[in-house]
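J.: kindly generate the corresponding structure for this input.
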Amino acid sequence: MSDLLEFSVGGEQLPGGRLELSLDQAGALQVRHRAGAAEVVRTATVDPAVPARVLNALRSTAPGAGGGAAEARRLVAGELAWADGTETPVPGIARLLEALAGQLIQPQLPAQLPGILVQLDAVDPAEAAPAAAIGTVAGKPAYALAEAGRGFGLGELVTGGASLGGSDADAGLLPSAVALGRVGGRDLFAVGAQDGAVQVWDAATGALLHGTSGGEGAQVVAAAVVDGVPLAFSGGRDGEVRAWRAEDGKGLGLLAVNGRGASALVHAHCAGLDLVAAAGGDGTIRVWDAAAGARLHLLVGHTDRVTSLAVLSLGDQAVLASGGVDREIRLWDLATGQPLAVLAGHSATVTGLAFAELAGEPVLASCSLDGTVRTWDVYQGTGLDGWATGGAWLTALAVVRHGDRPALAVGDERGRIRLFDPAGGPALATWEPTAPATGPRPLNALAASRTSDGAELLAAGYGDGTLRVWQDGLELLQSAPDGGAVSSVALAEGLLVCGTVTGAVRCHRLVDGAPLSVPTPHTGPVTCLTIGESTLVTGGADGVVRIRGALDGAPVLRLAAHQQGVTALALGQAGPRPLLATAGGDRTVRIWDAVSGEPGPVVSGLAGPVAALAFASHGGRPVLLAGTAEGTVRAWDTQDGAPVTELAGGASGVRTLVCQEMDGEALVAAGDGQDTVRLWHLGSGTLLNEAPLDRAPLAISFTETGLFVVGPGGAVTL
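T.: Residues are numbered from 1 along each chain as shown. Modelled structure (predicted):
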C-alpha cells in the first residue's frame, strides 16, 4: 500500500470553502483550508493507529485483486459519495479524514475523534494588527500604541507628543492589544500579546504590577489534597507545570520542564513527600518534590511520547507506571528513580494505566489503541492476562468498585465506559451518556476517586467538551462544554479539574459543578482589553473573556463568550448594575452582568464580526452601540436586546467607536477601515461631520474643541 493518502472536499460538499488533506504512513498530517482569498494551513502528527486504520480500510476497495495499490491514493468527494479518483467507491473511512481535518482547523469545536490521536504542531503567530487606546498618565491626556515589528509604548496626546516609555521590537512580547485606565488613584497601562500573555504596568512610574505568561496550553492536569488544602497542577506541550490553590486560584509556583512541556501528569505521595511527575513528548519523565519545587528524578527509557502515568503507593515507597506511543509500559521506583521493569505486549499506543487489586495482590491494568485490556504482576514484572474488547480504540482507564469488588472502567472512541473484572471476562456493565444529535463523542479521559464518606466517583471528559461524574452507573453531574474537547481530568476531595485540547483549564466544585477561578492565561492571541473601575477585562482568540483584579491580577471570572474568538469588549452601567458587552467571530454581541457573569441579551444575525463596542444613553435608557462590519453603528437596549437606532455610515467596517455626552447631548464618533472618521448626534441620528485621515483610526477621544485620533505613527487632532 502507498505511504501517501490525499483527499479533497470542495464546492457543494463544503460551502465554507475547499479542504485538502495529506497523510503519510508515518503519521505526518497537513490540512489546507481555503475560503475565498483566505487560507489556513495546519500540521500535526497523528498516532500510527490512524493511518493503519485508513489504509486497511482502503485496501478493501483498492483496484486489483487482493487489494493494494502501487501509487498514492487520492480520494475525491463527488456529488453522491467519496470515490478513489473518479471511479472506485470508498467506504465511510473518508469521514474519519474529515473529522481529522476539522480537529486541526477548529480545535475549539466538538471533536469526533479521541484527542490522543492528534498532536497539533505549534502555529506561528500571525502578525498582529496595530492597536491603540486613549487615557491619562500623571493627569495628562496620553495614548498607548502597539504596532507589529515596533513594539508598544505610551505618548503624550498632542501632535508630535513626547514618548512616555515603552518597548522596542526585540522586547520578546508580540503586542496584540493595549488599554489605559485609572484604578485606585493609579494610571494603568495593559498590554496583551500574541501568545496569550497579559502584562500591567503603573503608567506613571513604569513599574510592572502583574502579568501572566503566555503559551501555557495546559492540556494535562492533576489534583491532590495537600495538608488539607485542595491543589491543582496543570501543564501543556509548552511552558512549565503550574501549581495553584483550587479554592481561590492563587498560584503557588512553577515546575520547570525545560521547554519540553507535559503530555501526562500525576500526583503521588511517597515517604511523606508530595510528588508531581510529568512526562513529555520526548519520552522523558520528570519528578519533583511539589512543596520545595526541586526536581528529584529524571526518568529516561521511553523512545516516544508518554501518554499515561499511574502511581501505586506502598507505605514509604511508591511505584510509577508509564506507557506511551512506543507501546511499552515501564515501572519505576519513585523513591530512588530506578527502573523496575519493562512490560511489552500491546501492539499500539498505550492510552490508560491504573493499579488495582487482584486476589489480595497489586496488579497493573492497561488499555491501548489496539483494542485490548491487559493486566500485569507488579512484583514480578510479567503479564497476567489480556483480552480484546471489540475493536474500538480504547482511550482511558481507571479503577472503581462495582458492587463489592474492584472493576476496570475502560473508555473508548464511542463514548462508552465499560466495566471489566480485573481477572478478565465479558463486560460487567456499560455506562453510556445520551449521544448528541450529531452522533457519539469520544471519551478522552477518566479519573476515579473515593470521597470522605466512602462514595466511589468516576469523572469522564469527552470530545464534545462535556464533563460527567458517575457513581454506580448514575450520572451525578454534567458540566457544559468550555474551551474545546476535554483532554485530561483529575479528582481530589470536592474538586474536579480538567484540561482541554485548546489549552484551557477548568476547575469545578464537585458538589454542584460550580466553576472556580483558574489563574491561567489565554490560549491564543489576546484580541482586546479594557480597564474598569477595579478590574481588567481581556478577550482572546480562544473565545474566552477573563476578568481579573486590575491592580493585583487576582482571577475574578472566566466566561466562555464566543466559540470563534472575541473581537471587542466594553464595560458600562445600567443604573447601579455594571455590564460587560462582548462581540465575537460568531457574529453575535452578548451582554453580561460584569460582577456575577450571568448572561443577558444576545444579538445575532449580524453581517460580520463586530470590532468596536460602547455603552451610551439614548432617550433616557442605557443602550449598547456596536460598529458593524458593513459600516453602520447600531444600538440595542441593554435590558432586552431590542434594536433602538442605527447610524448610517460608509461602506467599510467600523474599527473604533466612542460615545460622549457634551452639553447634555450624546455624540458618537467612529473610525472605519477606509480611514474615515464620522461624528453623529445620537438622539436624532444626524451625521454631523466626516473627515478623511492619513492613517487608520485605532482609537478616538473627544476634547472640548474636537477629536483626538490615534493611528499608526501616533496621534492627530481634528
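J.: so the residue lying closest to residue 611 once chain neighbours are set aside versus residue 22, what's the distance?
T.: Residue nearest to residue 611 in three dimensions, not counting chain neighbours: residue 655, with 5.1 Å by C-beta to C-beta, 6 or more residues apart in numbering. All C-beta atoms are positioned from the backbone trio N, CA, C, and that covers glycine. Per C-beta to C-beta, to the nearest Å, residue 655 is found 37 Å from residue 22.
J.: who has more neighbours out of these two?
T.: Using other C-beta atoms under 10 Å as the criterion, residue 655 and residue 22 rank with residue 655 on top: 20 against 17.
J.: quick one: contacts for that one?
T.: 611-612, 627, 671-673, 696-698 (C-beta atoms under 8 Å, 6 or more residues apart in numbering).
J.: and it, helix, strand or coil?
T.: Using DSSP: H, G, I helix; E, B strand; the rest coil, the structure places residue 655 in strand.
J.: which of the contacts of residue 655 fall in strands?
T.: Mapping the contacts of residue 655 onto strands (DSSP state E) picks out 612, 627, 671-672.
J.: out of those, who's the most crowded?
T.: Counting neighbours by other C-beta under 10 Å, residue 671 comes out on top of the ones in strands among the contacts of residue 655 with 29 neighbours.
J.: where does the residue nearest to it when sequence neighbours are not counted land on pLDDT?
T.: Leaving aside its chain neighbours, residue 671 sits nearest to residue 697 (2.6 Å; criterion: C-beta to C-beta, 6+ apart). pLDDT for residue 697: 93.
J.: contact partners for residue 697?
T.: 655-656, 671-672, 675-677, 709-711.
J.: same question, residue 252
T.: Residues in contact with residue 252 (C-beta under 8 Å, 6+ apart) are 231, 243-245.
J.: and the gap between it and residue 359?
T.: Residue 252 is 41 Å from residue 359, by C-beta to C-beta.
J.: which residue sits closest to residue 566, ignoring its sequence neighbours?
T.: Excluding its sequence neighbours, the residue lying closest to residue 566 (C-beta to C-beta, 6+ apart) is residue 539, at 3.1 Å.
J.: so the one you found: helix, strand or coil?
T.: Following three-state DSSP, the label given to residue 539 is strand.
J.: who's in contact with it?
T.: 526-529, 545, 561, 566-569, 582.
J.: at 10 Å what do you get?
T.: The contact partners of residue 539, taken as C-beta atoms under 10 Å, 6 or more residues apart in numbering, are 177, 192, 522, 526-530, 545-546, 559, 561-562, 565-569, 580, 582-584.
J.: then the helix or strand residue 383 falls within to CSV, C-alphas only?
T.: For residue 383, the element it lies in under DSSP states H and E is strand 382-388. The C-alpha coordinates for strand 382-388 follow below in CSV (Å, rounded to 0.1, in the frame of the first residue of the first chain):
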residue,chain,number,x,y,z
THR,A,382,5.2,-10.1,34.0
GLY,A,383,1.9,-10.3,32.1
LEU,A,384,-1.1,-11.9,33.8
ASP,A,385,-4.0,-11.7,31.3
GLY,A,386,-5.3,-9.9,28.3
TRP,A,387,-8.5,-9.7,26.3
ALA,A,388,-9.9,-7.9,23.3
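J.: strand partners of the helix or strand that that strand is followed by, parallel vs antiparallel please.
T.: Where DSSP H and E defines the elements, the next helix or strand beyond strand 382-388 is strand 394-402. Here strand 394-402 has these sheet partners by DSSP bridges: strand 405-412 (antiparallel).
J.: could you pull out the buried residues of the strand it pairs with?
T.: 406-412 (16 or more other C-beta atoms under 10 Å).
J.: same check, this time on stretch 340-351
T.: Buried-residue list, stretch 340-351, by 16+ other C-beta under 10 Å: 340-341, 343, 345-346, 348-351.
J.: now do the same end-to-end measure for it.
T.: 21 Å (C-alpha to C-alpha, to the nearest Å).
J.: could you do stretch 503-513 as well?
T.: One end of stretch 503-513 sits 20 Å from the other (C-alpha to C-alpha).
J.: go on, stretch 547-555?
T.: OK, stretch 547-555 end separation, C-alpha to C-alpha: 6 Å.
J.: so what's the gap between that stretch and the chain middle?
T.: Put simply, stretch 547-555 sits 20 Å off its chain's centre (C-alpha atoms, centre = their mean, to the nearest Å).
J.: model confidence over that stretch, on average?
T.: Stretch 547-555 shows an average pLDDT of 88 in the prediction.
J.: likewise stretch 212-231?
T.: 78.
J.: now could you export just the CA positions of it as PDB?
T.: What follows is stretch 212-231, C-alpha atoms only, in PDB (Å, rounded to 0.1, in the frame of the first residue of the first chain):
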ATOM      1  CA  THR A 212       0.600  36.200  33.100                       C
ATOM      2  CA  SER A 213       3.000  34.300  30.900                       C
ATOM      3  CA  GLY A 214       1.900  33.000  27.500                       C
ATOM      4  CA  GLY A 215       1.900  29.700  25.800                       C
ATOM      5  CA  GLU A 216       0.500  27.700  28.700                       C
ATOM      6  CA  GLY A 217      -1.500  25.300  26.600                       C
ATOM      7  CA  ALA A 218      -2.500  23.300  29.700                       C
ATOM      8  CA  GLN A 219      -3.800  20.100  28.300                       C
ATOM      9  CA  VAL A 220      -3.000  17.800  31.200                       C
ATOM     10  CA  VAL A 221      -3.900  18.200  34.900                       C
ATOM     11  CA  ALA A 222      -3.500  16.600  38.300                       C
ATOM     12  CA  ALA A 223      -5.200  17.300  41.600                       C
ATOM     13  CA  ALA A 224      -4.500  16.400  45.300                       C
ATOM     14  CA  VAL A 225      -5.300  17.400  48.800                       C
ATOM     15  CA  VAL A 226      -2.100  18.600  50.500                       C
ATOM     16  CA  ASP A 227      -2.200  19.400  54.200                       C
ATOM     17  CA  GLY A 228      -5.900  19.700  53.900                       C
ATOM     18  CA  VAL A 229      -5.800  22.100  51.000                       C
ATOM     19  CA  PRO A 230      -7.100  21.100  47.500                       C
ATOM     20  CA  LEU A 231      -4.400  21.800  45.000                       C
END
